[in-house]
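Quick one, structure for this:
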Amino acid sequence: QVQLVESGGGLVQAGGSLRLSCAASARTFDSYWVGWFRQAPGKEREFVAAIGWGGTSTDYADSVKGRFTISRDSAKNTVYLQVNSLNPEDTAIYSCAATFLRGTRKSDDYNYWGQGTQVTVSS
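Predicted coordinates:
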């Protein structure tokens, strides 16, 4: 069982930045493929980014490539999502999730989810 807790969300102006954190309870967290997803009001949940064990493999949605950076600190059992150049279309609840299925973007493949953190971007 893995418990995930996100933090770092908030209200920022367009063009601003935030660093989202996903802290895990499991000491084996580094063995998981970890993804970030987001869901805006009235829209379906969408894949944002993911990272493999050891941080050697990453994947990004086209909409965030070049603006968002995913990383992990194995010593802290934490995965980060640095979000830069934010625009109002990035407003959503951002959630992290973990799976053993490497490389997947499908939310149904993820077994463990955090409660999410709200990111609101004002124009």
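
the strands in this protein, which residues?
Assigned strands in the chain, in chain order: 4-7, 10-13, 18-24, 33-39, 46-51, 58-60, 68-73, 78-83, 92-99, 112-113, 117-122 (criterion: DSSP state E).

Residue nearest the middle of this structure, spatially speaking?
The C-alpha lying nearest the average C-alpha coordinate of the chain belongs to Trp36 (Cα atoms, centre = their mean; 2.5 Å).

got a list of what the closest residue in space to that residue that isn't next to it in sequence touches?
Using Cβ to Cβ, 6 or more residues apart in numbering and skipping residues adjacent in sequence, the residue nearest Trp36 is Val48, 4.4 Å away. To be clear about C-beta, it is placed using only N, CA and C from the backbone, and glycine gets the same treatment. Shown in contact with Val48 (Cβ atoms under 8 Å, 6 or more residues apart in numbering): Gly35, Trp36, Phe37, Arg38, Tyr60, Ala61, Val64, Phe68, Leu81, Tyr94.

got it, and Lys106?
Residues near Lys106 by Cβ under 8 Å, 6+ apart: Phe47.

All further residue positions should be reported with the first residue as 44.
Done: numbering now begins at 44, and the last item shifts to Lys149.

Do you know the pLDDT at it?
Note on Lys149: pLDDT of 97.

What of Arg70?
So Arg70 comes in at 78 (pLDDT).

how many neighbours does it have?
If you count neighbours by other Cβ atoms under 10 Å, Arg70 ends up with 9.

Find the nearest non-adjacent residue to it, please.
Asn120 (6.8 Å).

That neighbour against Ala69, yeah?
Yes. With contact defined as Cβ atoms under 8 Å, Asn120 counts as touching Ala69 (7.0 Å).

So between those two, which is more surrounded?
Legend: neighbour count by other Cβ under 10 Å for Asn120 and Ala69, higher for Asn120 (18 against 15).

List the residues that contact that one.
Contacts of Asn120 by Cβ under 8 Å, 6+ apart are Ala66, Ala67, Ser68, Ala69, Arg70, Phe72, Asp73.
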